[in-house]
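# Give me coordinates for this.
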Amino acid sequence: MNEQQANEQQVDLEELDRAWQREAFQAAQKHLAEKGIMPHSVFDKESRFLAPLCAVWKFKAQDGKKYWVITGRLPADAIEVSGAANARDALRAFSLRWQLKAEQIIQTGITDQTQADYVNLLVNRAQGLYEVYEKDHLWANEPV
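Numbering: from 1, shown residues only. Below you'll find the predicted structure:
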């Protein structure tokens, strides 16, 4: 591969990354809207992107409340910022939340394959998020 081809490939990857971020951002806004939360602004510097796995967005709603929103190859979810100091802690909070939600569904009884699939998805994604949370090198620039 020559230098021009390498540069073109880099540009293509950057465009794909930007497109993925746009989709993740739109999914986050949609998730908040479905919860009746109207986004006002996003904190770009505190949001984190681990393409193509997930994006963790910090939003300020029109009512002044702040939320962490996670989107990507996992269920979209939101928590108030009071539940996590930074994006890394938000991953841990989502992981715990999903483990508890899966356990709650199991305790009440799984009645069909859709519920079983959802529980498996929650457990698998929760474990994956926690593994990402534990990787210090991914969070070297994360504010404490």
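# pretty sure Phe94 contacts Asp77?
Yes: the pair Phe94 and Asp77 qualifies as a contact (C-beta atoms under 8 Å) at a distance of 5.7 Å. Yep, even glycine has a C-beta here, placed from its N, CA and C like the rest.
# Mind listing the shared neighbours of those two?
Shared contacts of Phe94 and Asp77, defined by C-beta atoms under 8 Å, 6 or more residues apart in numbering, comprise Ile70.
# ok, those two, which is more surrounded?
Shown here are Phe94 and Asp77; by other C-beta atoms under 10 Å, Phe94 has more neighbours (27 against 20).
# residue ranges of the strands in this protein, please?
Using DSSP state E, the strands of the chain run over residues 39-42, 48-50, 54-61, 66-72, 77-80.
# Make a markdown table out of the ones you listed and add mean pLDDT and distance to Arg125.
Listed next are the strands of the chain as a markdown table, based on pLDDT from 0 to 100; distance: least, C-beta to C-beta, whole Å:
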| stretch | mean pLDDT | distance to Arg125 |
| --- | --- | --- |
| strand 39-42 | 94 | 23 |
| strand 48-50 | 91 | 13 |
| strand 54-61 | 96 | 9 |
| strand 66-72 | 96 | 9 |
| strand 77-80 | 96 | 10 |
